[in-house]
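A.B. asks: here are the coordinates; sequence isn't available:
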């Protein structure tokens, strides 16, 4: 049973990657900044980095999902954890195949409740904790994302208008940082020397083609915001998945005495595989079928997602990356008018969110009855 639980944890991490990588890279594709393959690879790299980092900052989230939803003295049957994982994996893989973005947090919560109601007396579940620590953040997340993206975008648009056509250039050979305006004029911001030797002079006027260094423009900021959103998603989701191993240890399924860092490492790699190999379908929906966007609008959506998800992860509040990122993109669409949003796609997404709890609970409850007979 221990080996089965660990395999299912890795399968859940893979399913999570297949559905969730879209939430941070869809804006790159939708705004024309990147192609699908490049964007998904970028999101994969940062997701793995965030998932690995969560080993150091995800303690609060692990506690919430490994022991904060059931009474401390609850005894789980060995079939409980595989049932929770099976119900979660089944729904996420189905919706990924259908191209619908759903929340791993939402699905995992439904599976825990479904298994608990099937295997335990109702009083074993801590309903106030479920409502406060999970249901409330899940409900508030979309509203916050809509509001933040709607309000943040005008300021970013104003800054982008002034910055459009300009960039920063880091010039290692000259040990200098230079700004370049839209007309090719340059301004030296910073220059230093090494051991008192003079540096190469930076010309007062030159175009981008004559610069030998790293150019940082508005598109670069969009790439960085996408990476930050992927990183935040990894830090938010990996602890929830790892927590299932600790929940398993409560039922007697000790996770092999492995180091927690090994658990996080395995989950991070499995998430990365899911992102890269199976992340295209949901990315296509968010990139093309919700609303048109340019790179400034994509930047606004990513900054909204990354800030809210990182903050909630540190606080141990399981906010849904799916709900936040999708709502941020919808919020951008609202700024362009109601007709700018493709409502049939939004309708399908919201319907999937609504049925996630009962469907995942039912799948997990059914899986428990099957596993209970088998084991």
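C.D. replies: Yes, it's here. Being a predicted model, the structure only gives us computed values, none of them experimental.

A.B. asks: which of the residues in stretch 267-283 are buried?
C.D. replies: Within stretch 267-283, the residues scored as buried using 16 or more other C-beta atoms under 10 Å are 267-276, 278-283. Where C-beta positions appear, they are placed from N, C-alpha and C, glycine not excepted.

A.B. asks: Next step: these restricted to helices.
C.D. replies: Secondary structure assignment by DSSP state H places 267-276, 278, 280-283 of the buried residues of stretch 267-283 in helices.

A.B. asks: And these, which is closest to residue 26?
C.D. replies: residue 283 (5.3 Å; C-beta to C-beta).

A.B. asks: Let me know the distance separating the nearest residue to the closest one once chain neighbours are set aside from residue 55.
C.D. replies: In space, and not counting its chain neighbours, residue 283 is closest to residue 22: 3.8 Å by C-beta to C-beta, 6 or more residues apart in numbering. Distance of residue 22 to residue 55, given as C-beta to C-beta, to the nearest Å: 24 Å.

A.B. asks: Show me which of the two is the more surrounded one.
C.D. replies: Taking other C-beta atoms under 10 Å, residue 22 and residue 55 do not tie; residue 22 has more neighbours (29 against 22).

A.B. asks: how would you label the residue lying closest to residue 364 once chain neighbours are set aside: helix, strand or coil?
C.D. replies: Leaving aside its sequence neighbours, residue 364 sits nearest to residue 87 (C-beta to C-beta, 6+ apart; 2.8 Å). Secondary structure, DSSP: H, G, I helix; E, B strand; the rest coil: residue 87 is helix.

A.B. asks: Surely residue 87 touches residue 369?
C.D. replies: No - in this structure residue 87 lies outside contact range of residue 369 using C-beta atoms under 8 Å: 11.6 Å.

A.B. asks: higher neighbour count, those two?
C.D. replies: The neighbour comparison of residue 87 against residue 369 (other C-beta under 10 Å) goes to residue 87, with 27 against 13.

A.B. asks: Can you show me the helices along the protein?
C.D. replies: Assigned by DSSP H, the chain shows helices spanning 2-20, 22-30, 36-57, 59-67, 80-98, 104-119, 127-129, 136-163, 218-250, 260-278, 280-288, 295-315, 321-335, 343-374.

A.B. asks: Check which helices and strands the first one sits against.
C.D. replies: Helices and strands touching helix 2-20, as assessed by 3 or more C-beta pairs under 8 Å, 6 or more residues apart in numbering; DSSP states H and E, comprise helix 36-57, helix 80-98, helix 104-119, helix 218-250, helix 260-278, helix 280-288, helix 321-335.

A.B. asks: Quick one: mean pLDDT for it?
C.D. replies: Mean per-residue pLDDT for helix 2-20: 92.

A.B. asks: how far off helix 36-57 does that helix point, in degrees?
C.D. replies: 130 degrees (axes from the mean of the first three to the mean of the last three C-alpha atoms, to 10 degrees).

A.B. asks: Could you do the fifth one as well?
C.D. replies: Taking the same axes, to 10 degrees, helix 80-98 and helix 36-57 form an angle of 160 degrees between their directions.

A.B. asks: Would you mind listing the buried residues in helix 80-98?
C.D. replies: For helix 80-98, burial by neighbour count (16+ other C-beta under 10 Å) applies to 80-93, 95-96.

A.B. asks: swap in the fourth one?
C.D. replies: Across helix 59-67, burial judged by 16+ other C-beta under 10 Å covers 61, 62, 64, 65, 66, 67.

A.B. asks: and the angle for that helix with helix 295-315?
C.D. replies: 70 degrees.

A.B. asks: And helix 59-67, what does it pack against?
C.D. replies: Using 3+ C-beta pairs under 8 Å, 6+ apart, helix 59-67 sits against helix 218-250, helix 295-315.

A.B. asks: What's the separation between the residue nearest in space to the middle of the chain and residue 80?
C.D. replies: Centrality entry for the chain: nearest residue to the mean C-alpha point is residue 233, 2.5 Å, by C-alpha atoms, centre = their mean. Going from residue 233 to residue 80 by C-beta to C-beta gives 27 Å.

A.B. asks: before we move on, what about residue 361?
C.D. replies: 14 Å.

A.B. asks: ditto for residue 63
C.D. replies: 18 Å.

A.B. asks: quick one on the thing from earlier: surely the residue nearest to the centre of the chain is in contact with residue 49?
C.D. replies: No - under the criterion of C-beta under 8 Å, residue 233 is not in contact with residue 49, lying 10.9 Å apart.

A.B. asks: Can you tell me which of the buried residues of stretch 267-283 lies closest to residue 336?
C.D. replies: Looking across the buried residues of stretch 267-283 and measuring by C-beta to C-beta, the closest to residue 336 is residue 283, at 21.1 Å.
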